[in-house]
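1. sequence first, then the predicted structure:
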Amino acid sequence: MTYTGDVRVGGPTAVRVLDDAEIRKVAVGPSDNNGYLVTCRRSGAQLLLDAAADPDRLLALVREGSGSARLDVLLTTHRHADHVGALASVEAVTGATLAAGADDADAIADAVGRPVRRRLVDGDTLTLGHLVLEVVALRGHTPGSVALALREPDRVTAPDAVPGRVHLFTGDSLFPGGVGATGGDPDRFAQLMDDVVARVFDRFDDATWVYPGHGRDTTLGAERPHLTEWRARGW
C-alpha cells in the first residue's frame, strides 16, 4: 500500500518502510493528534513522537513496530496539553526516556509528573540504534517547540525510498498551508516564520516530507511557493 500520511482516529496505521527506518502514523484523541513511531530496522530501537492521548492505541503502535513494548525515547514536540495526555501512561509501561525542547521541558514535567531527562536545543542529535535524528528548534508556537529531522541514506533500495530525502516531524509549528498558531502575537509569529524559513526551508530541499502534529502530511516543495503569502497574512 502506498503511504499517503492520511489517517483518522480509530483507523489503521499508516506505515512507510524505508531502508534504515520504518515510520508509523496514527491519529488519536479528540483533537485528532498525530502520533509517530520511528523504528530503526537494524536494531529495533524505537522513538515515539507526541504521546497525546489513548495510551492503549499508542502502546499497540509500539508493539506493531517491534513486536514488544520496547520504546527507547518519548519525544514531545511542545508543551500544550493536547500533546501530553498519554505521556505518563506510556512512560510507565515502557520506561522510555522523556525528551523535549529545553524551554518547554519544565512545563511538560509539571503537567505529567515525570522528569524530562533529555532537554533539547537546536542542532542536538538523537541516536536511535543506527539512526541519527537532528533536532530543529522552531520557536513561536511555544518557546521550546522542536522538530525532528531524519535523513535517508544516499543509496536506497526500498520501493518508497528517495536518496538523501529528509523526513521532518514538525509538531504544531508547520502544517500544510502555514505555520502554527502564535496567539495573535506579532512577535511570536515573526519568530516562528523566521525559524521556519531559516531552519527548514533554507536548509532542506523540496523533497522533504513534512509530518505535522495534526492532519495530513505535506512536502516543502508544496509549501515553499506560499512563504511570502504566509508572512503577509500574519498568521
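-> Looks like it arrived, so ask away.
2. any stretches of this protein with poor pLDDT?
-> Low-confidence segments of the chain (pLDDT under 70): 1.
3. spatially central, which residue of it would that be?
-> Among the residues of the chain, F169 comes closest to the average C-alpha position under C-alpha atoms, centre = their mean, at 3.2 Å.
4. that residue contacts L47, doesn't it?
-> No - judged on C-beta atoms under 8 Å, F169 makes no contact with L47 at a distance of 9.6 Å. Heads up, the C-betas are built off the backbone N, CA and C, glycines and all.
5. element containing D110?
-> For D110, the host element (DSSP states H and E) is helix 102-112.
6. which is the succeeding secondary structure element to that helix?
-> Once the chain leaves helix 102-112, the next helix or strand it forms, by DSSP H and E, is strand 118-120.
7. list the neighbouring strands of the helix or strand just after that next one plus their orientation.
-> Going down the chain from strand 118-120, the next helix or strand is strand 125-128, by DSSP H and E. Here strand 125-128 is paired, per DSSP bridges, with strand 131-137 (antiparallel).
8. would you say V7 is within a strand?
-> No - counting by DSSP: H, G, I helix; E, B strand; the rest coil, one finds V7 to be coil, located in no strand.
9. got the contact list for it?
-> Residues near V7 by C-beta atoms under 8 Å, 6 or more residues apart in numbering: T13, A14, K25, V26, A27, N34.
10. same thing with R233?
-> Counted by C-beta under 8 Å, 6+ apart, R233 has contacts G178.
11. how far away is it from T127?
-> 39 Å (C-beta to C-beta, to the nearest Å).
12. what do you get for L220?
-> L220 sits 25 Å away from T127, going by C-beta to C-beta.
13. which of the two has more residues huddled nearby?
-> L220 (19 against 12; other C-beta atoms under 10 Å).
14. what sits against that one?
-> With contact taken as C-beta under 8 Å, 6+ apart, L220 is in contact with L168, V200, F201, F204, D205, D206, A207, T208, V210.
15. what about it, distance to L192?
-> Using C-beta to C-beta, L220 is found at 16 Å from L192.
16. do the same with T2
-> 32 Å.
17. which SSE is L150 in?
-> strand 146-151.
18. am I right that L59 is in a helix?
-> Yes - judged by three-state DSSP, L59 forms part of a helix.
19. follow-up on the earlier one: who's in contact with the helix or strand that the strand holding L150 is followed by?
-> Where DSSP H and E defines the elements, the next helix or strand beyond strand 146-151 is strand 166-171. Contacts with strand 166-171, where a contact means C-beta under 8 Å, 6+ apart, come from 18, 21, 23, 36, 49-50, 77-78, 83, 136, 138, 141, 145-152, 174, 180, 200, 204-205, 207-213, 220.
20. list buried residues within those.
-> Buried members of the contacts of strand 166-171, scored by 16 or more other C-beta atoms under 10 Å, are 18, 21, 23, 36, 49-50, 77-78, 83, 136, 138, 141, 145-152, 174, 180, 200, 204, 208-213, 220.
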